[in-house]
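**Student:** Have a look at this prediction, sequence included:
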Amino acid sequence: MEFEKIVKKNMRKGYYAALNFVGAHDEALELSQQAFVKAFKNFNKFDKSKNFFVWYYTILKNLCLNYLRDNKKKISIDLIIEHKAEESESNPQLAAERNNLKELVQKALFELDAEDREIIMLREFENYSYKEIAEILQLPEGTVMSRLFYARKKLAKKLERYLK
């Protein structure tokens, strides 16, 4: 019963974390569920004084990285960056421009290596604080800031190609 509550609380975050890695809805759903199954099987090893999502994220990240390594094929990219539907309906030109920009950002993000994409997604799309990212990735906060700085620079360089 306790694990069921934890799953319900974290399933959305788990799905989006997997989506950030693999970029495809079905695979993200499958991997996030696999990670919960693995977490359930090892729940007796979980230190209940710690943050469950941090522990779960480590399991999920490893599954996602294994999936990416094992599936060298081109991964379809689901929409990651959401926009307001009402703005699209009221201004078709704005919607078209936004969709184009969204596609360019997605393409550039998935050209980054997994580590750079991960840290950008956690900060910019999942809105985690530097402290939370440090906990999730098990890194010092200064390292998070440094990696994020360089990952943003790499993303900007990739975007320059598309926006010229």
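**Tutor:** Received it, and whenever you're ready, just let me know what you need. Numbering: from 1, shown residues only.

**Student:** hey, let's count contacts and neighbours off CA atoms from now on
**Tutor:** Will do.

**Student:** Can you give the domain ranges for this protein?
**Tutor:** 2-70, 91-163 (automatic domain parsing).

**Student:** Save these as JSON lines, and put in mean neighbour count too.
**Tutor:** Listed next are those as JSON lines, based on neighbours: other C-alpha atoms under 10 Å:
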{"stretch": "domain 2-70", "mean neighbour count": "16"}
{"stretch": "domain 91-163", "mean neighbour count": "16"}
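
**Student:** rank those domains by pLDDT, which is bottom?
**Tutor:** For the domains of the chain, the weakest mean pLDDT is recorded on domain 91-163, namely a mean of 85.

**Student:** Now do the helix or strand hosting residue 18: everything it contacts.
**Tutor:** Using DSSP states H and E, the element containing residue 18 is helix 2-22. For helix 2-22, the surrounding residues in contact (C-alpha atoms under 8 Å, 6 or more residues apart in numbering) are 25, 27-29, 31-32, 36, 40, 52-53, 57, 60-61, 64-65, 68, 75, 77, 80, 114, 117-118, 121-122.

**Student:** Can you flag which of the residues you listed belong to helices?
**Tutor:** Mapping the contacts of helix 2-22 onto helices (DSSP state H) picks out 25, 27-29, 31-32, 36, 40, 52-53, 57, 60-61, 64-65, 68, 114, 117-118.
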